[in-house]
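**Student:** structure for the following, please:
(chains A and B)
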Protein chains: 2
Amino acid sequence: MSEPGESRPLAIVCGGGRFPIEVARAAAAAGRPPFLVGIVGAADPAIEGFAHVWLRIGQLGRLFSTLEAQGVAEVALIGGLTRPNLADLALDWGAIKRLPELVQAFRGGDNHLLAGVAALFEREGLHVVGAHEIAPQLLAPVGPIGGRAAAPQAEADIRVGAALIAALSPFDAGQGVVVAEGRVVAIEAAEGTDAMLRRVAELRAARRLRLSGPSGVFVKAPKRGQDLRLDMPAVGPQTVAAAVKAQLQGVAVAAGTVLIAERDRLARDANAAGLFVVGFAP
Amino acid sequence: MSEPGESRPLAIVCGGGRFPIEVARAAAAAGRPPFLVGIVGAADPAIEGFAHVWLRIGQLGRLFSTLEAQGVAEVALIGGLTRPNLADLALDWGAIKRLPELVQAFRGGDNHLLAGVAALFEREGLHVVGAHEIAPQLLAPVGPIGGRAAAPQAEADIRVGAALIAALSPFDAGQGVVVAEGRVVAIEAAEGTDAMLRRVAELRAARRLRLSGPSGVFVKAPKRGQDLRLDMPAVGPQTVAAAVKAQLQGVAVAAGTVLIAERDRLARDANAAGLFVVGFAP
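**Tutor:** Okay, here's the model as predicted:
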């Protein structure tokens, strides 16, 4: 049985990081050569290895006319974008026509913004799909991803972190938390994962935490009810590097709902540093 | 009717900041001249305006013998302390005798540590009291503390922040959060309030938040079930200064459970900066 979407042209709107490229490769390998839309100032130049166009973030009209000209029916929005200020966007006519919806989308949390952006696409007859649908092989499995498993104390920290993220779900805030020896050390909100892990490294360097030696776990999971098509949590080698600097014991991600970028390199780096990376059953 | 504790000598163990001095003044004004124990490296030299002794943080034996010699029956623990590393404490014999309880107290979150420390005092026959019992006039009232009230959007942000702090209660983590236009921007954990507000200032300077002009509220409240005798949230002029740097609209604290330091100066500074400071009914 063939999936209905398989033969329909697929576009990938590419924000920052390596994920857009990895997802594009996975789509091409699965027989769906994608059309890439690189966001100027965010996307990796490696998108030019695929059929592509570069667009600025306010060029909504040109985006939709380009996708229509390419016969695109499905769109994936992949990779990080700094949340733009609506007033800073260089809006084209197509964006200005949709200004009421844009203004509406910009009020509230990130989920709300992304849901508004997705609704804009759907209104143009485009179906928004997630990286996990195009490239399920990029999802975290249950169990060790590198060569190490979590120690019992770390397992307890993982449970605390997962419960905390679940408790924060109604607030559309962070997807990440650092728990060390039963204590919640840092909670991620608008600053993002890298800044939060840097903070933990600084607190430890300043001896503001009583931890000694590798200790603590970075736990990452989507909020309950998060639309994974739009905002899928992800970790990669830079997460491992940041966790090492924060002197953590490991990284734990919700299996099936967190993407792993550059998995081979991530596992190699984690093993070299003595860090565990595990997927936990949500 | 006289309170049973009124005539019993009162000791105040003084950490950092102006609070210990304010509480000592309030106690003296209420007819209970206190005996102050200054923690070396933390307490303000102004404690020397009262009957006092200086002690290092590991000198538990000397602390208890001093309090006994002074005939102290009630103790308040006031002011900030950097959470020490147990291994770094210069423990005296009285502390070494109590090492099992100390080790136990040092495992887990801050509430747990403080509860353990309080239990140590109670075991010596000392009754631990809170600043709010000695100096209730220092508690936040309901309503504006400076000259401004919160705008309706800010009221909504305050409700979000208060609900988030309540949701985090089981995790023994932060007492503070910044909410701006419905969005949770920062959540406090081990870094403390000052570092969290500095982070918001930095995110805004780096244009990582879409806010323009004064926007957002710093909300502070105790965790549900928090023992207020041991860890009472507090704000002061430095909170106002940090909120101004973060370009917030205001500061909101749970009435009756958050202490206000240097209230006159705080109100003056807030008015000068156009910031609101309000107490909300928890």
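**Student:** buried ones in stretch A:263-270, by neighbour count?
**Tutor:** Neighbour-count burial for stretch A:263-270 flags A:263, A:266-267, A:269-270 (criterion: 16 or more other Cβ atoms under 10 Å in any protein chain shown). For every residue, glycine as well, the C-beta is placed using N, CA and C.
**Student:** for A:Gly79, which non-adjacent residue is closest in space?
**Tutor:** Among residues not flanking A:Gly79 along the chain, A:Gly15 sits closest, at 3.1 Å (Cβ to Cβ, 6 or more residues apart in numbering or on different chains).
**Student:** picking up where we left off before, quick check, nearest of the buried residues of stretch A:263-270 to chain B?
**Tutor:** A:Ala270 (24.2 Å; Cβ to the nearest Cβ).
**Student:** without its sequence neighbours, what residue ends up closest to that closest one?
**Tutor:** Take A:Ala270 and drop its neighbours on the chain: the residue closest to it by Cβ to Cβ, 6+ apart is A:Gly146, 3.8 Å away.
**Student:** my guess is A:Ala43 contacts A:Gly15. True?
**Tutor:** Yes: between A:Ala43 and A:Gly15 there is a contact at 6.5 Å, judged by Cβ atoms under 8 Å.
**Student:** dihedrals phi and psi, the closest residue in space to A:Pro282 that isn't next to it in sequence?
**Tutor:** Nearest residue to A:Pro282 in three dimensions, chain neighbours excluded: A:Ala254, at 4.3 Å (Cβ to Cβ, 6+ apart). Torsion angles at A:Ala254 (phi, psi; degrees, to the nearest 10) stand at phi -70, psi 120.
**Student:** name the single longest helix found in chain A.
**Tutor:** helix A:152-168 (DSSP state H).
**Student:** can I get it in CSV, CA atoms only?
**Tutor:** The C-alpha trace of helix A:152-168 is given here as CSV (Å, rounded to 0.1, in the frame of the first residue of the first chain):
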residue,chain,number,x,y,z
PRO,A,152,20.1,4.5,39.3
GLN,A,153,20.5,8.1,40.7
ALA,A,154,20.4,9.4,37.2
GLU,A,155,17.2,7.4,36.5
ALA,A,156,15.6,9.1,39.5
ASP,A,157,16.7,12.5,38.2
ILE,A,158,15.3,11.7,34.7
ARG,A,159,11.9,10.9,36.3
VAL,A,160,11.9,14.2,38.2
GLY,A,161,12.8,16.1,35.0
ALA,A,162,10.1,14.4,32.9
ALA,A,163,7.5,15.1,35.6
LEU,A,164,8.5,18.7,35.8
ILE,A,165,8.3,19.2,32.0
ALA,A,166,4.8,17.6,32.2
ALA,A,167,3.8,20.0,35.0
LEU,A,168,5.0,23.0,32.9
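**Student:** elements contacting that helix?
**Tutor:** Judged by 3 or more Cβ pairs under 8 Å, 6 or more residues apart in numbering or on different chains; DSSP states H and E, helix A:152-168 is in contact with strand A:176-180, strand A:183-187, strand A:217-220, strand A:250-254, strand A:276-280, helix B:152-168.
**Student:** go through the fifth one and flag the buried ones.
**Tutor:** Applying a neighbour-count criterion of 16+ other Cβ under 10 Å, one finds A:276-280 buried in strand A:276-280.
**Student:** strands paired with that strand, and their directions?
**Tutor:** Sheet pairing of strand A:276-280 (DSSP bridges) gives strand A:143-144 (antiparallel), strand A:250-254 (parallel).
**Student:** nearest to A:Phe171, out of those strands?
**Tutor:** Of all the strands paired with strand A:276-280, strand A:250-254 sits nearest to A:Phe171, with 17.9 Å by Cβ to Cβ.
**Student:** quick one: mean pLDDT for the next helix or strand after the closest one?
**Tutor:** Heading C-terminal from strand A:250-254, the first helix or strand you meet, by DSSP states H and E, is strand A:259-260. Regarding strand A:259-260, the rounded mean pLDDT is 92.
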